[in-house]
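Colleague: here is my input, please return the structure:
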Amino acid sequence: MKAIQIHEPGDITVLKYEEVEVPDPGVGQVRVRLHAAGINHRDIWVRQGSLGAGIQAIIPGSDGAGEIDAIGAGVRDWSVGQKVVINPGLSCGTCAACLRGDHPACPAFRIFDGTYAEYAVVPAQNLVAMPGGLTFAEAASIGIPYVTAEDYLIRAEALPGQTLLLWGATGGLGLATLQLARLRGLRVIAATRSQQRVDKLRQMGADDVLLLTPGEDVADAVMSLTQGRGADLVVDSVGQASFPQSLGSVARGGVIVTVGATTGGSVALDLGRLFRHRVNLMGAFMGSASILPRLLPLFARGVLVPVIDNIFPLEQADQAHEQMENHGVFGKLILTM
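Modeller: Model prediction:
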């Protein structure tokens, strides 16, 4: 089969389009003939080695959709030819965290890698039936961003009428958060650096859009928009460049969700403001395995809408990474096989 492999960390040139052996499913596993893979910012970190230094010959990619091609021993609930979506969170399934449905708290939790390929072998419990009404590309765009966003909106106890400040609003995670927040009745203040994407964000449901410019005080703008109260919930995937403004923008008793660090992860934290304003700081990393099966029907019915920026053939994974890093996206980038 054809696959993208990484043999050493580096820039886009380390993404090698190669011939590799087709994997065989083991006990409890299923082989999927992939038709599409979603690209996440996590894939860039994998490529750069920041999530697994020293890993050799890794096939990146966590989100994917396709058809079951082969079934391993002990698998009874699936059959060859079924259309499926990969649920990328892997956990032991037997610890206390897994048994209560909090899979990311499992000590063995990790995110699947291997969808930049024509075939992938995954545990049977990590497959979800693909509903009608979706293309493979659309189905592959949903997993990580929507599962993650739904998880932290649940954990933050987001309520109708609350205000959410959303950094990184135009990426896959940002648009997932925007849609799920609007579905809950939240007011969304979206932040972007792109003038061209301001109107698109409003069309997607953002109530207010902050066009970020050098030296702009986002906290002042948020306080102005909220009559001095601040945002009940701040979702920050940017990290070092945005966190001080996030802390200045959050309301008393509000929640800051840190769900990425695209500009770096080292920040200065004003503990005085944190405790005086009773701010809750929450880390987010994927979500429960039960979320994706619950969300997919909402896409099939058009309640939620997959947003795809660009589609590349598998062999152009390097070009897709180059766009994500240097030109930005509005929605998801997809690889097709």
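
Colleague: CA only for contacts and neighbour counts going forward, please
Modeller: Noted.

Colleague: look up how far Val257 lies from Gly101.
Modeller: 20 Å (CA to CA, to the nearest Å).

Colleague: which of these two has more neighbours?
Modeller: Val257 (22 against 16; other CA atoms under 10 Å).

Colleague: neighbouring strands - and their directions - for the host helix or strand of Arg252?
Modeller: In the assignment (DSSP states H and E), Arg252 maps to strand 250-258. According to DSSP bridges, strand 250-258 has the following sheet partners: strand 231-236 (parallel), strand 280-283 (parallel).

Colleague: what are the buried residues along the helix or strand following the shortest one?
Modeller: Spelled out, that is strand 280-283. Next helix or strand after strand 280-283 toward the C-terminus (DSSP H and E): helix 291-300. Neighbour counts over helix 291-300 (16 or more other CA atoms under 10 Å) mark Ile291, Leu292, Pro293, Leu295, Leu296, Pro297, Phe299, Ala300 as buried.

Colleague: so what's the residue count around the residue lying closest to the fifth one once chain neighbours are set aside?
Modeller: Excluding the flanking residues, the one nearest Leu296 by CA to CA, 6 or more residues apart in numbering is Pro131, at 6.9 Å. For Pro131, the count of nearby residues is 18 (other CA under 10 Å).

Colleague: so Pro131: helix, strand or coil?
Modeller: Counting by DSSP: H, G, I helix; E, B strand; the rest coil, the backbone at Pro131 sits in coil.

Colleague: how far away is it from Leu295?
Modeller: Between Pro131 and Leu295 the distance is 11 Å, computed by CA to CA.

Colleague: how about Asp270?
Modeller: Using CA to CA, one gets 37 Å for the distance from Asp270 to Leu295.

Colleague: now do Asp43
Modeller: In terms of CA to CA, Asp43 sits 23 Å off from Leu295.

Colleague: low-confidence ranges in the stretch 51-200 of the chain?
Modeller: 52-55 (pLDDT under 70).

Colleague: now do the strands in it.
Modeller: For the stretch 51-200 of the chain, applying DSSP state E, counting those that start in this stretch gives strands covering 63-71, 83-86, 89-90, 110-111, 119-123, 127-129, 163-166, 187-192.

Colleague: please tabulate those in TSV, including the columns distance to Glu8.
Modeller: TSV is the format used below for the strands of the stretch 51-200 of the chain (distance: least, CA to CA, whole Å):
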stretch	distance to Glu8
strand 63-71	22
strand 83-86	26
strand 89-90	24
strand 110-111	19
strand 119-123	21
strand 127-129	30
strand 163-166	34
strand 187-192	33
